[in-house]
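In: coords please:
(chains A and B)
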Amino acid sequence: MIDVKDLTFSYGKDKQALHGLNFSVGDGEIFGFLGPNGSGKSTTQKILTGILKGHGGTVSLFGQDIKNAHTQEFFQKIGVLFEFPYLYANLSALDNLHYFASFYPKEQLRDAEELLDELEFKRDFLKKPVSSYSKGMRQRVSMARALISNPKLLFLDEPTSGLDPAGAVLFRKIIEKERQKGTTVFLTTHNMLDADLLCDRVAFISNGNIVALDTPRNLKEQNSNHSIVIDYLYQGKREEQTMEAPELKAGIPFVYDELISVHSQEPTLEDMFIQYTGRGLT
Amino acid sequence: MWRGFSHLLKKDFKLMLSSKFFLLALISLVLYSCYINFVYVNLDQEMYPVYLYDPQDKLSVTSEYITKIDSREAVETACADQYSVGFDFSADKPELYMLSSGLETTDHYRMVWGEAVINGNVDGQAGVIGTNNKEMKNRREITAEFLFFELSAVGFLGLASMLFKEKQMGVIRVHGILPVRRSMFILSKLLLLLVSDLMFTSLLTVINLGVPYAIDVLPEVLLQAGILSLIMTLVGFFCAIRLPDFKQFSLFYLVLAVFVTTPVFLAGQTGIAWDWIVYHPMYHLFEAMKAAYFSTPMVEAPYYLICFGAIILLFLLVYQTLNCEMAKEG
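Out: Here you go, the predicted structure:
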């Protein structure tokens, strides 16, 4: 679906933003693009969505070089959720969706009301102006705008930003549902939980370079020390022991009265990011 | 492509309605028309008084415009207002006496008027300008001025306020990923503003010149209004996208009004003569508008070529600026 080779981009003489990125995203894959502010992830997404021109290297989407691909047919196949919910504040959710949907062929459109229902948008607000909505409601309308054209390729920038925990869970379910339909998702985020739970593969980008690219599980496993912490009760006292995973092959090698918990000491995705880049995701 | 364009037009029309653009245009139309019909047509300049000192009665002409006085000192006192014209016939050679008003053109008119009175040559000279009577001359003149002001300043502001709303809402960026050409985003606004300005022009002209006179001048006036409307809309578009907020835009607008429009009005409507004004592009647009109202088209092919070139260049500049705006960070 997406094939990027030696992608470079510069905002000016001394402002090289991307230094030769290489990655590909398969059909129906959820690909996470993780990086701190200013790392080049927005620039990459803008190049892929056709907003920024003048890049170096080769980028192909839908099997076509992007330099020739930014036609109306190309934009009909992609959906974009921006980091901020850009909507006409004087129009209602429905009017916004009808307006943005009007640029796509009718046969590829989803029903706006059904889509908003799926996103658990409060029906009372359907015809009220966007200016009266909370941030979470605006984010729902923005997500509906990205999905209304049934895109084959979905670009999501911080999809769960501004949502409460229940909203974030709902959005993850919807993104998962899109994948099941065969939609490819390019997810740009700071949210490690989203990346860990949703992405088939993630790329860590730092200072315009991809410093690691693999499945979240592999990234964590490769850097795990395989130690396990066991919490237990013995003779009325709570105790804790740390041991290597192979030591547990023949069962728990110490005496205990009751097991309380067993924790693997696998690093988190955020730990891995910091390890690879030396920077936090802020 | 045209389906997308029609949706953009519909959306822009709604935005113009919600930003009270049409209401403001209607209010302007009413105010201008009331001022023209109830105030300006009745305005008339007082004739330059002519004072004559002629102790030997050398001048045979008698005129209601001549006031005879009995000394050279009286001539000088009467002309101290920098408005009157004096003649001293006491010497062998008649002498014209006047104090300069500071405006070369006005002084010239005073002198011409004074000589015409002394030569008994006033009938049918000052009251009729071309084929217009005084009232029609006033109507054409002020209608051209109001229209120029409306198109170059008020319309410019209306478009900017509409565009700033879209910019603040961030929706301009969304149009960067919609299956519609970016140029259509500009063209829909241009077309709406153009149609609105041409309607305004037609109504203002018909109301203030009357139907028969308006029909005569409208083709040329609409052409000039169209050129001015396109140029000012594109300039407004560029500034509204380029400037970060409405405060800065207001400041720029003030600069535009003071340094760009005012010199054009002063040079075009008063006796002030500036050689450099011919290099001021708005001056030519203003003069072309006035000429259109007086049915004396003075503009030629180079003028239209330059205007056409300017519109194309501005369009490309706006297109480039729009691309930058779409690529901006949130």
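
In: Close to chain A: what parts of the stretch 51-200 of chain B are there?
Out: Counting by C-beta under 8 Å from any C-beta of the partner chain, the stretch 51-200 of chain B comes close to chain A at B:Met169, B:Gly170, B:Val171, B:Arg173, B:Val174, B:Gly176, B:Ile177, B:Leu178, B:Pro179, B:Val180, B:Arg181. Glycine gets a C-beta too; all of them are placed from N, C-alpha and C.

In: Could you find the closest non-adjacent residue to A:Thr8?
Out: Leaving aside its chain neighbours, A:Thr8 sits nearest to A:Gly56 (3.8 Å; criterion: C-beta to C-beta, 6 or more residues apart in numbering or on different chains).

In: so who does the one you found touch?
Out: For A:Gly56, the residues meeting the contact criterion (C-beta atoms under 8 Å, 6 or more residues apart in numbering or on different chains) are A:Asp6, A:Leu7, A:Thr8, A:Phe9.

In: Of all residues in the chain, which one is nearest the centre?
Out: Since you didn't name a chain, this refers to chain A. With distances taken as C-alpha atoms, centre = their mean, A:Leu187 lies nearest the centre of chain A, 3.0 Å away.

In: not what I meant, chain B
Out: By C-alpha atoms, centre = their mean, the most central residue of chain B is B:Glu145, 3.3 Å off.

In: Looks like that residue contacts B:Phe265 (just checking).
Out: Yes. Judged on C-beta atoms under 8 Å, B:Glu145 makes contact with B:Phe265 at a distance of 7.1 Å.

In: what are the ranges of the helices in the stretch 51-200 of chain B?
Out: Counting by DSSP state H, counting those that start in this stretch, the stretch 51-200 of chain B forms helices over residues B:72-78, B:104-118, B:134-149, B:155-169, B:171-174, B:182-209, given from the N-terminal end onward.

In: Next, format those helices as JSON lines and append mean pLDDT.
Out: Written out in JSON lines, the entries for the helices of the stretch 51-200 of chain B read as follows (pLDDT from 0 to 100):
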{"stretch": "helix B:72-78", "mean pLDDT": "89"}
{"stretch": "helix B:104-118", "mean pLDDT": "85"}
{"stretch": "helix B:134-149", "mean pLDDT": "87"}
{"stretch": "helix B:155-169", "mean pLDDT": "81"}
{"stretch": "helix B:171-174", "mean pLDDT": "89"}
{"stretch": "helix B:182-209", "mean pLDDT": "92"}
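
In: how about a markdown table for those helices, with distance to A:Asn68 added?
Out: Rendered in a markdown table, the data for those read as follows (distance: least, C-beta to C-beta, whole Å):
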| stretch | distance to A:Asn68 |
| --- | --- |
| helix B:72-78 | 83 |
| helix B:104-118 | 62 |
| helix B:134-149 | 46 |
| helix B:155-169 | 30 |
| helix B:171-174 | 23 |
| helix B:182-209 | 17 |
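
In: From chain B, how far off is the nearest residue to A:Leu269 once chain neighbours are set aside?
Out: In space, not counting the residues next to it along the chain, A:Leu269 is nearest to A:Met192; the distance is 4.6 Å by C-beta to C-beta, 6+ apart. Going from A:Met192 to chain B by C-beta to the nearest C-beta, to the nearest Å gives 21 Å.

In: A:Met192 touches A:Thr268, doesn't it?
Out: Yes. Between A:Met192 and A:Thr268 there is a contact under C-beta under 8 Å: 6.5 Å.

In: which one of those two has more residues nearby?
Out: For the pair A:Met192 and A:Thr268, the greater number of neighbours falls to A:Met192 (19 against 13), based on other C-beta atoms under 10 Å in any protein chain shown.

In: give the contact list for the more buried one.
Out: Taking C-beta under 8 Å, 6+ apart as the test, what A:Met192 contacts is A:Leu34, A:Thr268, A:Leu269, A:Glu270, A:Phe273, A:Leu281.

In: so how far is stretch A:214-228 off the chain centroid?
Out: Taking C-alpha atoms, centre = their mean, to the nearest Å, one finds stretch A:214-228 lying 20 Å from the centre of the chain it belongs to.

In: same thing with stretch A:209-217?
Out: The answer for stretch A:209-217 is 14 Å, by C-alpha atoms, centre = their mean.

In: What of stretch B:224-233?
Out: Using C-alpha atoms, centre = their mean, the offset of stretch B:224-233 from its chain centre is 13 Å.

In: Please apply the same query to stretch A:252-264.
Out: Using C-alpha atoms, centre = their mean, the distance between the centre of stretch A:252-264 and that of its chain works out at 37 Å.

In: Residue of the stretch 151-282 of chain A nearest chain B, please.
Out: Among the residues of the stretch 151-282 of chain A, A:Phe155 lies closest to chain B, at 8.3 Å counting by C-beta to the nearest C-beta.

In: What are the boundaries of the strands in the chain?
Out: Let's take chain A. When assigned using DSSP state E, the strands of chain A occupy the ranges A:2-10, A:16-25, A:30-34, A:56-61, A:64-65, A:78-81, A:153-157, A:184-189, A:201-206, A:209-214, A:227-234, A:237-244, A:258-264.

In: Switch to chain B, please.
Out: Listed in chain order, the strands of chain B (DSSP E) span residues B:50-53, B:66-69, B:85-88, B:95-97.

In: Now tabulate those strands in a markdown table and tack on mean neighbour count.
Out: Putting the strands of chain B into a markdown table (neighbours: other C-beta atoms under 10 Å in any protein chain shown) gives the following:
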| stretch | mean neighbour count |
| --- | --- |
| strand B:50-53 | 22 |
| strand B:66-69 | 15 |
| strand B:85-88 | 23 |
| strand B:95-97 | 14 |
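
In: Please identify which of the ones you listed is closest to A:Met143.
Out: strand B:85-88 (80.3 Å; C-beta to C-beta).

In: residues from the stretch 51-200 of chain A in reach of chain B?
Out: Selection of the stretch 51-200 of chain A residues close to chain B by C-beta under 8 Å from any C-beta yields A:51-53, A:72-76, A:78, A:80, A:82-84, A:86-90, A:99-100, A:102-104, A:145.

In: filter these to the buried ones?
Out: Neighbour counting over those (16 or more other C-beta atoms under 10 Å in any protein chain shown) leaves A:51-52, A:74-76, A:78, A:80, A:82-84, A:86-90, A:99-100, A:102-104, A:145 as the buried ones.

In: For B:Phe265, which residues are in contact?
Out: Shown here is B:Phe265, whose contacts under the criterion C-beta under 8 Å, 6+ apart are B:Glu145, B:Phe286.

In: mind checking how far it is from chain A?
Out: B:Phe265 is 36 Å from chain A, where distance means C-beta to the nearest C-beta.

In: what's the spacing between B:Glu166 and B:Phe315?
Out: B:Glu166 sits 18 Å away from B:Phe315, taking C-beta to C-beta, to the nearest Å as the criterion.

In: what do you get for B:Ser295?
Out: As judged by C-beta to C-beta, B:Ser295 and B:Phe315 stand 31 Å apart.
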